[in-house]
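Novice: quick one, fold the following:
(chains A and B)
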Amino acid sequence: MSDKVLMKGNEAIAEAAICAGCRHYFGYPITPQTEVAAYMAKKMPKIGGTFLQAESEIAAINMVYGVSSTGHRVMTSSSSPGISLKSEGLSYLAGADLPALVVNVQRGGPGLGGIQPSQSDYFQATRGGGHGDYHMVVFAPASVQEMASLTVRGFEVADKYRVTSMILADGTMGQMMEPVDLSSLKSEYNPEKPWATTGTGKKREHNIVNSLYLKPEELEKTNFERYERYKKIEENETLYEEYLMDDAEICVAAFGIAARVSKNAINEARKEGIKVGLIRPITLWPFPKAPFEKAANKVKTFISVELSMGQMIEDVRLSTHDKANYMLCNRVGGMIPSPDEVLSAIRNAAKGGKN
Amino acid sequence: MVVFDKPKSLTDVPMHYCPGCTHGIVHRLVAEAIDELGIEGDTIGIAPVGCSVMAYDYFTCDMIEAAHGRAPAVATGVKRADPKKIVFTYQGDGDLASIGMAETVHAAARNENITIIFINNAIYGMTGGQMAPTTLPGQVTQTSPYGRDVKACGYPIKVCEMLSQLDGATYIQRVAVNNIKNIKDAKKAILKAFKNQVENKGFSLIEVVSSCPTNWGMTPKAALEWVESNMIPYYPLGVYKDTTAKEETK
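Specialist: The predicted structure follows:
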């Protein structure tokens, strides 16, 4: 007997969060992430948790800030326009070193955009959508199973380093159904949080959760300290998958749904004798620089396949010191590149073409 | 014999408030309420953005600094996570009634079991005296240099009157701290607002009509007189809603 159940990506995130011990969810309705909230609305009251539909995304992220201050695991989910609204809160979470999990099931933009899948929030997620120097750890799932497993990991990484983890999915990942093995979804990592505002019990000095430092030398110190932690995250938490890269002369860089489409195209191209492989970043921040840097010794052309106007391609170029050829294969606005479109780009690269 | 002492729930950190500012009085009343209810070890306070941003240094309980206007949302998170803890926010008029109005109204509508202390001094103090949502018609501020023109910038918002229309809110009262009698009344109201929460009665908000001598350009004494002659007539003191009174008379 397998423990596998058929679930939508959005539901898998919600169930995984519960498995990870998250008992507090705050959200505001927006397509295409609605199922996360709907799942939480059904489940949380039955297990003594909180489901609260906030008055806005801004309120939701600040409720997350409140729960996280008390040391409990907490999450919110939204889609692109809603993440823009949450960005103030993301900056405050970073400034106060509060762990949290935030899900962005991306849709096309800018503005109200559309409701179809997109990856155009890459810059916002990896560079920090809010003000100030900060990063989130950004996970990019490419299957419903990963939607679940990276959610659990996201909570653990957030707690370990006192940072926000973001699941950067897209409308396809959120809506599609696949079998998920739930039995592996548990979190045994639950660190003490002596900094949390749980009431002093008159047994200790008061804890203060805060991001205000009026003395510049103190504020500088907090920034330096935070970046020391970011360095450790880069060393320990970078995730990626390599596919057929051993002999590759062409490297496709793609994450999420774009990586799945690309694998099909790569398999076809291999049948034609084209030496092409894939590097799929699973964490977008930290970006897996090492495998790209290594690949650049042999690879002549990198093709970045994205549902954006070319955002991740900048990290590919930076990681490879801009010494190869670079092509962008993209669709935007809710459109997804077909395997044939990616195959054409690979063939073009094999002929020495550039875009 | 000690006849006057600092409440236990206040730290020894010297307050940064201007001479004649009434924040110190209200901090004291809050601390006295916490002391009297014996809840210091179970209380979590939430500071706003504004003059009282550094309230987190002045109270001995655990404290959280919120983003501008978001204290009621942060308080909601804390209270939902730890319902047995006592959670209060301390907010000014710009924080609560301008940028944070949505958070204020919805926390009241949900009857969140929290306590809000709302300082109305009709001006943005921390940033140097700009027009607030509660600035009186005709009142001169840095951003209403010819006096608040209600045709151009609308009328002041009467928070207690507005919130008392919500089915959710439990206890809404406006008090002032411009004289001894009013301070005594304010003390009672603030104590009740905390006691309501201890007794799980729901959302309590106390609006404290306050003064800002620095940004009003007045001496502390003249500012207190201006509270009496200008602020209180526009913002009448009293209980605007109290569902606990109904319960008690049943």
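
Novice: for the most centrally placed residue in chain B, give the beta-bridge partners.
Specialist: Centrality entry for chain B: nearest residue to the mean C-alpha point is residue B:118, 1.8 Å, by CA atoms, centre = their mean. Beta bridges link residue B:118 to residue B:91, residue B:207 when assigned by DSSP bridges.

Novice: pretty sure it contacts residue B:100?
Specialist: No. Applying CB atoms under 8 Å, one finds residue B:118 not in contact with residue B:100, separated by 10.3 Å. Yep, even glycine has a C-beta here, placed from its N, CA and C like the rest.

Novice: who touches both of these two?
Specialist: Listed contacts common to residue B:118 and residue B:100 are residue B:91; contacts here mean CB atoms under 8 Å, 6 or more residues apart in numbering or on different chains.

Novice: if I look at the residue nearest to the centre of chain B, how far off is residue A:63?
Specialist: According to CB to CB, to the nearest Å, residue B:118 and residue A:63 sit 20 Å apart.

Novice: same check on residue A:102?
Specialist: Distance from residue A:102 to residue A:63, by CB to CB: 12 Å.

Novice: of these two, who's got more company?
Specialist: The neighbour count for residue A:102 versus residue A:63, taken as other CB atoms under 10 Å in any protein chain shown, is higher for residue A:63 (33 against 27).

Novice: what packs against the helix or strand harbouring the more buried one?
Specialist: Residue A:63 belongs to helix A:57-69 when assigned by DSSP states H and E. Where contact means 3 or more CB pairs under 8 Å, 6 or more residues apart in numbering or on different chains; DSSP states H and E, helix A:57-69 is packed against strand A:24-27, strand A:50-53, strand A:75-78, helix A:80-95, strand A:100-106, strand B:62-65, helix B:71-81, helix B:101-109.

Novice: which residues of chain B fall in strands?
Specialist: All strands of chain B, identified by DSSP state E, fall at B:43-47, B:62-65, B:86-92, B:115-120, B:123-124, B:130-131, B:171-176, B:204-209, B:238-242.

Novice: list the contacts for the nearest residue to residue A:304 once chain neighbours are set aside?
Specialist: Leaving aside its sequence neighbours, residue A:304 sits nearest to residue A:313 (CB to CB, 6 or more residues apart in numbering or on different chains; 3.8 Å). Residue A:313 sits next to A:253, A:302, A:304, A:306, A:326, A:328 when contact means CB under 8 Å, 6+ apart.

Novice: ok, how many other residues are close to residue A:18?
Specialist: Counted by other CB under 10 Å, the residues lying close to residue A:18 total 19.

Novice: hang on, it in a strand?
Specialist: No. Under DSSP: H, G, I helix; E, B strand; the rest coil, residue A:18 sits outside any strand and is assigned helix.

Novice: so it sits right up against residue A:50, yeah?
Specialist: No. Judged on CB under 8 Å, residue A:18 makes no contact with residue A:50 at a distance of 11.9 Å.

Novice: what's the overlap in contacts for residue A:102 and residue A:63?
Specialist: residue A:76.
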